[in-house]
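Student: Curious how this folds, go ahead:
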Amino acid sequence: MRRFLDVGSSIALVGCAVASCAGVAGEAQTGPAAAGAGGVHTITVVLPAGAVDLAEAAAFESLVESLSMSRIAVEIDAGGRRCDEPAACLAELQAGTIDIYRSTVPAIGRLMPELHVLDVPYLLETDEVVERVFRGAFFARMRDALLHRTGFRLMALGSAGGWRAIATASRVVRTPADVQGLALRTADSPVEIAWARAIGALPEPVLRPALSAHLASGRIGGTADGVVDVVEAGLQDNLPYLTQDRHGYRAGLWLMNEEAHQGLPSDLQQLLSAGFDELARLSLARARERAAEASAAFEAAGGRVHVPSAAERRAFVMAAGRVSTWYMDEYGYEWLVWLEGAIAEAEREIALANVGRNRARP
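Tutor: Next up, the predicted model:
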């Protein structure tokens with residue numbers, strides 16, 4: 001199996017939790033499904049082609065295999081061998097031919113449209129808030145709802161690319177006036193498309209592999225992707241202007257086939273859960289690092305990064321305000337209320353933590 005650097009620190013972080021909740025990983029336990037040869041449970045993990053979080057999946061593999069004393073073997077497919085597009089991968093997951101698939105909101109939104117709430121623009125504002133929302137009560141609500149509605153078990157909610165931005169070919173974007181009439185590539189998400197229309201752009205839900213050709217032909221003049229996406233695709237020369245408006249956060253949903261989950265002994269279920277907790281932590285932390293590295297590479301290639309001022313961001317928020325109303329008209333208000341409540345709670349916790357830190361300073 002592949003190994004990801006040194007996983008000693010990760011093992012130390014979750015080892016105690018695993019020991020307390022799951023017992024000794026090496027103890028033989030019976031479960032509803034039999035293990036393979038040698039008592040090894042093989043778990044197939046599929047990532048979309050070109051996924052930025054492959055390193056985190058490899059760390060998860062090493063961690064779980066080590067903590068389970070090789071009772072779990074993780075096989076990662078990030079090359080499209082088993083399936084090559086989201087709908088097909090979700091079908092394979094439902095059929096049980098793969099065990100885990102790292103999905104995204106636009107993909108799972110086809111099965112549970114209310115989860116497009118995570119694409120409602122400008123609700124999430126900071127990495128700290130994202131981390132608390134993605135690992136707190138809102139995550140638990142998503143997990144329970146997804147299991148009930150789709151039969152998929154949400155094991156972790158991490159990053160699939162971090163913050164979305166506006167990258168353009170010909171000019172810096174400072175306010176919505178700068179994107180009026182601009183053909184802008186968006187994710188194939190109804191909420192993302194509604195956001196682009198609300199700020200005055202012309203949304204083009206082009207698949208990312210086709211983005212370069214569309215830019216070269218002049219069919220589109222920009223993309224609503226983050227700096228990591230632009231740099232990973234090598235499009236710095238085609239898209240030299242990038243505005244970090246942070247209108248959305250690209251979440252990664254780690255989904256598991258429920259029969260595969262139930263087929264594991266209870267101690268391995270709990271160990272796997274601890275491994276996914278660590279994967280979420282790694283994913284969200286690494287997203288920050290990737291963004292900083294990509295921004296440096298973008299600017300080194302001659303690109304210009306613009307961070308909107310408070311007044312400029314306010315103009316975007318005001319222009320996109322109607323998207324929340326559109327979402328509620330389409331999908332109801334409950335998930336929006338739950339997300340806004342989770343964000344408010346996260347902001348309160350962060351403020352209290354900051355007060356505590358300030359008081360502790362000499």
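Student: going forward, measure contacts and count neighbours with C-alpha atoms only.
Tutor: Fine.
Student: List the contacts of residue 173.
Tutor: Under the criterion of CA atoms under 8 Å, 6 or more residues apart in numbering, the neighbours of residue 173 are 166, 179, 241, 242, 243, 306.
Student: so which two of the residues you listed are the farthest from each other?
Tutor: Within the contacts of residue 173, 179 and 306 form the most distant pair, 14.5 Å apart (CA to CA).
Student: quick one: which of these two has more around it?
Tutor: More crowded of residue 179 and residue 306, by other CA atoms under 10 Å: residue 179, with 23 against 17.
Student: Quick check, that one in contact with residue 197.
Tutor: No - taking contacts as CA atoms under 8 Å, residue 179 lies outside contact range of residue 197: 10.0 Å.
Student: How is this structure divided into domains?
Tutor: 8-160+251-290, 166-248+302-360 (automatic domain parsing).
Student: Let me see the mean pLDDT of the longest one.
Tutor: Okay, so that is domain 8-160+251-290. For domain 8-160+251-290, mean pLDDT is 88.
Student: Equivalent analysis for the shortest one, please.
Tutor: Domain 166-248+302-360 comes out with an average pLDDT of 94.
Student: ends of it, how far apart?
Tutor: Length of domain 166-248+302-360, first residue to last, CA to CA, to the nearest Å: 40 Å.
Student: Shouldn't residue 254 be within a helix?
Tutor: No - checked against DSSP: H, G, I helix; E, B strand; the rest coil, residue 254 lies outside a helix; its state is strand.
Student: Just give the nearest non-adjacent residue to it, would you?
Tutor: Leaving aside its sequence neighbours, residue 254 sits nearest to residue 102 (CA to CA, 6 or more residues apart in numbering; 4.4 Å).
Student: Can you list the strands that the helix or strand hosting that neighbour pairs with?
Tutor: If you go by DSSP states H and E, residue 102 is part of strand 100-104. Paired neighbours of strand 100-104 in the sheet (DSSP bridges): strand 41-46 (parallel), strand 249-257 (antiparallel).
Student: Out of those strands, flag the one nearest residue 53.
Tutor: With distances scored as CA to CA, the stretch of the strands paired with strand 100-104 nearest to residue 53 is strand 249-257 (8.9 Å).
Student: Can I get the closest one as PDB, trimmed to CA atoms?
Tutor: Output of strand 249-257 as PDB, limited to C-alpha atoms (Å, rounded to 0.1, in the frame of the first residue of the first chain):
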ATOM      1  CA  TYR A 249     -16.300  27.100  -0.400                       C
ATOM      2  CA  ARG A 250     -15.700  23.900  -2.300                       C
ATOM      3  CA  ALA A 251     -16.700  21.200   0.100                       C
ATOM      4  CA  GLY A 252     -15.600  17.600  -0.200                       C
ATOM      5  CA  LEU A 253     -18.100  15.000   1.000                       C
ATOM      6  CA  TRP A 254     -16.600  11.600   1.900                       C
ATOM      7  CA  LEU A 255     -19.500   9.100   1.300                       C
ATOM      8  CA  MET A 256     -19.500   5.400   2.300                       C
ATOM      9  CA  ASN A 257     -21.800   2.700   1.100                       C
END
